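1. Model the following, please.
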Amino acid sequence: MIVAHVSDCYPPRTGGIESQVGDLAARQAAAGHEVHVLTATLGEGGERGGVVDLERGVHVHRLGARMPFSLPVNPVEGRLIDAALREVRPDVVHVHAGVLSPFAFDGARAARRLALPLAITWHCMLDGVVPVLRAGARASGWRDARAALSAVSGVAAARVADVFGADVSVVPNGLDLARWADVAAGTRSAVTRTGHAVPPLRLVATMRLAPRKRAVPLVDLVARATQRLPAGAVRLDVIGDGPDRGRVAARVELLGLGDVVTLRGRLARDDVRAAYADADVFLAPAELEAFGIAALEARAAGLVVVARRGTGIEEFVADGTDGLLVADDAAMSDAVVRLARERPVLDAMRTHNAAVLPDQGWDRVLRAADAEYARARSLARG
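-> Below is the predicted model:
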């Protein structure tokens, strides 16, 4: 099969969509498919304007342009996408969309013009924009488009269904589960890790330091937890970087948490795995989390995950079994206090997570993608 993925963002940019599209494409190529990626992201050496690289067996079409702030757009991207699809003539076009994805949406329009089977996966939550998108879909004819629609989680899919009034499948993000499970296999219980004494509860959060991920409220809720616990009862490592780093650092200083919170910056995946080997609990404070790949990595590594209800993290975290699902920041602070005080509860969930892997391995993702491609081809035939 010839598969053409269309994504605004792709490596060398870093992020959830970038890593997922890259890994999915590479695994499809390894399975014997001819795989192309059309992207507005420039190559490592600035490759752009139609340059095609072969990366991990995938033909990567760099269709971007040099833009301010390295934005992944190109004023003539529609023409370039159209030409690339005419040349490749794929069996299916798989578009990867966010709320603002001009390149991906141009790819979807090109696939419709060329009457190519089309699958679209949303990697975002559409909260707050459903009415506008619904009206736009009606006005533009997209509600009647013959496309296989999916999202990365059930909660994200429900929003897409509200927009298009159509059946929306789930194509989850994937993970090399065995690679992260090695971390869980090498750790001991939180109570016994340093002998008979109970060590501090080691918290970790991995995120882009941007407002949507809510790193500043995370510091605030941890501060409230520390006020209810003995000195030294908790430690928090924040892994990641972004535009809010200065605000996060200032908040840590203002609240006097310099001995509690460590800002570790962006780490390579192997270094993240090493950090998880010395952690107990992963905190996910984001309210609009379509999936939560960092939380899935932590869950596969055996950590207890504390996350907000109503997010995609519910796909792999059951309350009281894999972690704790909470309604708001106050409840997340309460959860930190509870896990610091009730170590048998913490250890029971850690033992479960080390023994039972989540279901978001790549075999499942590849099967789900294949099912969407078959659905797209059937819809295209009418």
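2. need the contact list for S7.
-> Contact analysis of S7 by CB atoms under 8 Å, 6 or more residues apart in numbering lists I17, E18, V21, V37, L38, T39, T41, V95, H96, F103, A104. C-beta: built from backbone N, CA, C; applies to glycine.
3. one more time with 7 Å, if that's ok
-> I17, V21, V37, T39, H96, A104 (CB atoms under 7 Å, 6 or more residues apart in numbering).
4. how near is it to R179?
-> Using CB to CB, to the nearest Å, we find S7 at a distance of 23 Å from R179.
5. wouldn't V168 be in contact with A161 here?
-> Yes - at 4.5 Å, V168 and A161 qualify as touching, with contact defined as CB atoms under 7 Å.
6. Same list, the contacts of S7, but as CSV with neighbour count, secondary structure and distance to L85 please.
-> Conversion of these to CSV gives the following (neighbours: other CB atoms under 10 Å; DSSP: H, G, I helix; E, B strand; the rest coil; distance: CB to CB, whole Å):
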residue, neighbour count, secondary structure, distance to L85
I17, 23, helix, 20
V21, 24, helix, 17
V37, 28, strand, 12
T39, 28, strand, 13
H96, 28, strand, 15
A104, 28, helix, 13
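7. Redo these as TSV? Include distance to V222 and pLDDT.
-> Listed next are the contacts of S7 as TSV, based on distance: CB to CB, whole Å; pLDDT from 0 to 100:
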residue	distance to V222	pLDDT
I17	28	89
V21	33	96
V37	39	98
T39	37	96
H96	34	97
A104	36	94
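8. Which of those sits closest to A215?
-> Nearest to A215 among those is I17, at 19.9 Å by CB to CB.
9. Pull the residues that contact the helix or strand harbouring G107.
-> Element membership for G107 (DSSP states H and E) is helix 102-113. Helix 102-113 is contacted by residues 6-8, 38, 40, 72-73, 77-78, 81-82, 85, 93, 95-97, 118, 120, 145 when judged by CB under 7 Å, 6+ apart.
10. same check, this time on stretch 131-138
-> Stretch 131-138 is contacted from outside by L126, R143, D162, V163, F164, using CB under 7 Å, 6+ apart.
11. My reading is that L38 lies in a strand. Confirm?
-> Yes - note on L38: a strand contains this position according to DSSP: H, G, I helix; E, B strand; the rest coil.
12. pretty sure A65 is touching R48, no?
-> Yes - using CB under 7 Å, A65 is in contact with R48, at 5.9 Å.
13. Sort out which residues of stretch 159-174 are buried, please.
-> The neighbour-count check on stretch 159-174 (16 or more other CB atoms under 10 Å) flags R159, V160, V163, F164, V168, S169, V170, V171, P172, N173, G174 as buried.
14. Can you name the helix or strand that F282 falls in?
-> When elements are assigned from DSSP H and E, F282 belongs to strand 281-284.
15. Just give me how far that strand sits from the chain centre.
-> On the basis of CA atoms, centre = their mean, to the nearest Å, the separation between the geometric centre of strand 281-284 and that of its chain is 15 Å.
16. try stretch 325-343
-> Distance, stretch centre to chain centre, for stretch 325-343: 24 Å (CA atoms, centre = their mean).
17. Contacts made by it with the rest, please.
-> 190-191, 198, 201, 203, 217, 221-222, 224-225, 228-229, 233-234, 281, 283, 285, 304, 306-309, 314, 317, 319, 324, 345-346.
18. Quick one: neighbours of A139, just the number.
-> A count of neighbours around A139, defined by other CB atoms under 10 Å, yields 9.
19. Can you tell me the element it falls in?
-> helix 130-140.
20. Strands of the stretch 251-382 of the chain, start to end?
-> In the stretch 251-382 of the chain, the segments counted as strands under DSSP state E, counting those that start in this stretch are 261-265, 281-284, 304-308, 323-326.
21. Would you format these as TSV with mean neighbour count, mean pLDDT and distance to R251 included?
-> Conversion of these to TSV gives the following (neighbours: other CB atoms under 10 Å; pLDDT from 0 to 100; distance: least, CB to CB, whole Å):
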stretch	mean neighbour count	mean pLDDT	distance to R251
strand 261-265	16	96	9
strand 281-284	26	98	15
strand 304-308	26	98	20
strand 323-326	24	98	21
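22. how about the helices in the chain?
-> 16-30, 77-88, 102-113, 130-140, 154-164, 177-185, 215-226, 245-254, 269-276, 293-300, 329-341, 343-355, 362-381 (DSSP state H).
23. buried residues in the fourth one?
-> Just to be clear, that refers to helix 130-140. Applying 16+ other CB under 10 Å to helix 130-140 flags V130, L133, R134, A137 as buried.
24. Find me whatever residue is spatially closest to V6, sequence neighbours aside.
-> Nearest non-adjacent residue to V6, counting by CB to CB, 6 or more residues apart in numbering: G107, 3.2 Å away.
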